[in-house]
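Q: I'd like to go over a predicted model; first the sequence, then the structure.
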Amino acid sequence: MDLHYRVAIFGSARIQEGDKDYKDVFEIARGLAESGFDIVTGGGPGLMQAANAGTKSAHSLSRSIGLNIRLPREQNPNDFLDIKEEFNLFSNRLDTFMAISDAVVVAPGGIGTLLELFYAWQLVQVDHICETPIILYGGIWTNLLLWLENEVMERKLFNKSDMHMIFHVTEPQEVLKLIRQIHADRLKLDHACRNFTKYRAEIESNHRLSNQ
């Protein structure tokens, strides 16, 4: 197992322990850590803490990494970090996220999470980084994706091909299955991203079957 395969998990600092989203992100991170993947978050509270705590709960060799940001209203690092780095600028922090991460999971969140989503997407679109999969987790993203497709893409402000690295799933096990599959293909192929169309087809097929 490639112990240096890293998954960035973005999400709200405001969602607290006991919330369903917190429990789901904890489960996702634990499952990924059990597969030997390092987890990278912003290192703060909320869903960042859920991901780091889930990683530690796996009791594996996976590392729980936090890239914390210094803010006027201090955001303290959570208690579940093996490796911590602090940043003064969001831009430097985001560049580090994308430089060290092989896949991205975007959990429910607000302005900061949206910034991370669109920054990651932009870097992949313009080939500044490898074709990193960006997995939107949860029903909160449904209307955003519809707006992007029906309003922005409809006006030809970006191409349909620009969405080929974007995946939308709504169950923790779907996230785990997708990332494990991408990682397994990476070990066999020079560019696992060649299979992005296949991955999407499998997700859509599973959704159709579950709705029957």
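A: Great, that's in hand. Just so it is clear, the model here is predicted, and its values are computed rather than measured.

Q: separation between residue 90 and residue 29?
A: According to C-beta to C-beta, to the nearest Å, residue 90 stands 23 Å off from residue 29. In this view, the C-beta of every residue, glycine as well, is placed from N, C-alpha and C.

Q: Now do residue 121 against residue 7, distance only.
A: Distance of residue 121 to residue 7, computed by C-beta to C-beta: 16 Å.

Q: okay, those two: which has more neighbours?
A: Each of residue 121 and residue 7 has its neighbours counted (other C-beta atoms under 10 Å); residue 7 has more, 27 against 19.

Q: Name the secondary structure element that contains the more buried one.
A: Counting by DSSP states H and E, the element that carries residue 7 is strand 6-10.

Q: Now do the longest helix along the chain against strand 6-10: the angle between them, please.
A: In the chain, assigned by DSSP state H, the helix with the most residues is helix 172-188. Helix 172-188 and strand 6-10 are oriented at 150 degrees to each other (axes from the mean of the first three to the mean of the last three C-alpha atoms, to 10 degrees).

Q: How far away from the center of its chain is helix 172-188?
A: Its chain's average C-alpha position is 13 Å from that of helix 172-188, according to C-alpha atoms, centre = their mean, to the nearest Å.

Q: What mean pLDDT does that helix get?
A: Here helix 172-188 scores 91 as its mean pLDDT.

Q: elements contacting it?
A: Packed against helix 172-188 by the contact rule (3 or more C-beta pairs under 8 Å, 6 or more residues apart in numbering; DSSP states H and E) you find helix 20-34, strand 103-106, strand 134-137, strand 166-169, helix 196-210.

Q: Tell me how far the residue nearest to residue 12 when sequence neighbours are not counted lies from residue 117.
A: With sequence-adjacent residues excluded and distances taken as C-beta to C-beta, 6 or more residues apart in numbering, residue 12 is closest to residue 109, at 3.9 Å. According to C-beta to C-beta, residue 109 and residue 117 sit 8 Å apart.
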